[in-house]
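In: make a model of this:
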Amino acid sequence: MPISSTLLELLRCPKTGQKLILKEGDDGEILVTEDGSITYRVDDDFPIMVDEEESTAD
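Out: Okay, here's the model as predicted:
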């Protein structure tokens, strides 16, 4: 099941607060900020919006 339009309206970039646009990338769907500066991958219809470098715990 693809990301619903309702969920897409609620999603915001965690870094900039911008709305996200669902697009087709080389490896499947991606979410892109309105200004195109940040992209997030979508795995099995779930948006992955965690910066891997920032999410590591000590």
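In: who does residue 33 bridge with?
Out: residue 20 (DSSP bridges).
In: can you read off the pLDDT for residue 58?
Out: In this model, residue 58 is scored at 52, pLDDT.
In: what does residue 25 give?
Out: 85.
In: is it true that it touches residue 40?
Out: No. Between residue 25 and residue 40 there is no contact under C-beta atoms under 8 Å: 10.2 Å. C-beta: built from backbone N, CA, C; applies to glycine.
In: so between these two, which is more surrounded?
Out: residue 40 (18 against 12; other C-beta atoms under 10 Å).
In: contacts only, for the more buried one.
Out: Contact analysis of residue 40 by C-beta atoms under 8 Å, 6 or more residues apart in numbering lists 13, 20, 30-32, 47-49.
In: A strand includes it, no?
Out: Yes. Applying DSSP: H, G, I helix; E, B strand; the rest coil, one finds residue 40 inside a strand.
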